[in-house]
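Peer 1: Sequence plus predicted model, see below.
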Amino acid sequence: MGDNNMTATMIQSVTLDDANDTLVILDQTLLPNEKVFLQLKELKDIWDAIYHLKVRGAPAIGIAAGYGMYLGVKASAAATYEEMADDFKRVKEYLGSSRPTAVNLFWALDRMEARFMQEQGKSVSEIKEALRQESEAIRAEDEQVCEQIGEYALSLLQPGWGILTHCNAGAIATAKYGTALAPIYLGEEQGYRFKVYADETRPLLQGARLTAWELHEAGIDVTLICDNMSSIVMKEGKIQAVLVGCDRVAANGDTANKIGTSAVAILAKHYGIPFYVCAPLSTVDLQCATGDDIHIELRPDEEITSKWYEKPMAPEGVNVYNPCFDVTDHEHITAIITQNGIAYPPFADSLLAMFAKKDKE
Ligand SMILES: CSC[C@H]1O[C@H](OP(=O)(O)O)[C@H](O)[C@@H]1O
């Protein structure tokens, strides 16, 4: 699939400025009103950026973690591998404490650790260069993975279809293209002219602030709806497929994604609409047998009660529950689209097959 001016000019939300020892991110908390890039030098600032969703989206979090690991070790004054190992462990544990659900964070940190261990016996400067290469490889591979997911997903869609999506699994949540939005962009290049319906996705409004912004900027037909409107657009025949991203896919296909996703999946099942999860294999965690094994992040009350309002919109002292992900049962998922192909139920077998295909490459 070639680039045209749309994908060729896609924004890169997370990159490395090695010369200045900084992680460069698009601050997604300021969108859609301001497009601001931050140069993050200190590990604490990188941790904060992940926790506060300045950089967000499972793949983008993984890329940021890889760069953060490299920058953390690059700053090490260690003179030997053994001394550097202590610094490496400290940085890995710190970055790993930022957010618990998106497995890409831990996948990237583990991958950087594997590369670090391979470099034992090398000089400090050779080790640092190897970690720089590994962090860049994580980003570069994610770009290819997202394009491949886009092509497989596009094979399931027809021109002119109405597509519902939840949260943001777009270009800014990845190295490029996105996952759930990748087929939308690739399809636009081929004249598919999808009509996208974007759930606003309370409480952090990634759908309104990010997906509607991304697609509108790209000139793609996008309609913003409230989360409680997913049923009516399905009932009215506006939706022919649902495409979502993911944060952690269990071995049986149960999938953690932004809060509200499981409700959309149940509605899609009710209306007979295919529900597709777009999943890089870096987001599939075979160590989690089922969705019950996935740690769901709880976030501050203020994201619900006051973040977007001049005054709190809830009575002082009221109880608040703010899980920022939920798990969609595998039985409500039509297919899981990976870079190696489309996995259909039973996912316990088909997901393994996707990894096996990868190993053959
Ligand atoms: C390709 S992005 C995957 C996933 O990440 C988002 O979560 P967050 O905005 O909290 O980082 C959302 O669940 C997306 O679907």
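Peer 2: Perfect, thanks for sending it.
Peer 1: Go through the chain and flag its longest helix.
Peer 2: helix 124-154 (DSSP state H).
Peer 1: downstream neighbour of that helix in the secondary structure list?
Peer 2: The first helix or strand that comes after helix 124-154 along the chain, using DSSP states H and E, is strand 162-165.
Peer 1: ranges for the strands of the protein?
Peer 2: With DSSP state E, the ranges of strands along the chain come out as 14-17, 22-26, 37-40, 162-165, 195-199, 222-225, 241-244, 248-250, 255-258, 275-278, 284-285, 325-328, 335-338, 341-343.
Peer 1: looking at those strands, which is closest to the ligand?
Peer 2: Shortest distance between the ligand and the strands of the chain, using CB to the nearest ligand atom, is found for strand 255-258: 3.4 Å. For glycine as for every other residue, the C-beta is placed from the backbone atoms N, C-alpha and C.
Peer 1: residues contacting Pro280?
Peer 2: By CB atoms under 8 Å, 6 or more residues apart in numbering, the contact list for Pro280 reads Ala58, Pro59, Asn104, Asp142, Val145, Cys146, Ile149, Thr179, Thr338, Gln339.
Peer 1: near the ligand too, which of those?
Peer 2: Ala58, Pro59, Thr179 (CB under 6 Å from any ligand atom).
Peer 1: Can you tell me which of the residues you listed is closest to Glu297?
Peer 2: Ala58 (12.0 Å; CB to CB).
Peer 1: my read: that closest one touches Thr283, true?
Peer 2: Yes: with contact defined as CB atoms under 8 Å, Ala58 reaches Thr283; the gap is 5.2 Å.
Peer 1: which neighbours do the two share?
Peer 2: By CB under 8 Å, 6+ apart, the residues touching both Ala58 and Thr283 are Ala102, Val103, Asn104, Cys246, Asp247, Arg248.
Peer 1: which one of those sits closest to the ligand?
Peer 2: Looking across the shared contacts of Ala58 and Thr283 and measuring by CB to the nearest ligand atom, the closest to the ligand is Asp247, at 5.0 Å.
Peer 1: Go through the longest helix of the chain and flag the buried ones.
Peer 2: If you call a residue buried by 16 or more other CB atoms under 10 Å, then helix 124-154 has these buried ones: 124, 127-128, 130-132, 134-136, 138-139, 141-143, 145-154.
Peer 1: what's the answer for stretch 331-341, then?
Peer 2: The neighbour-count check on stretch 331-341 (16+ other CB under 10 Å) flags His332, Ile333, Thr334, Ala335, Ile336, Ile337, Thr338, Gln339, Asn340, Gly341 as buried.
Peer 1: okay, how far is it across that stretch, tip to tip?
Peer 2: 19 Å (CA to CA, to the nearest Å).
Peer 1: How about the contacts made by the residue of the stretch 101-250 of the chain found nearest the ligand?
Peer 2: Relative to the ligand, the nearest point of the stretch 101-250 of the chain is Gly245 (3.0 Å; CB to the nearest ligand atom). The neighbourhood of Gly245, defined by CB under 8 Å, 6+ apart, consists of 57-58, 167-169, 173, 178-180, 257-258, 277-279.
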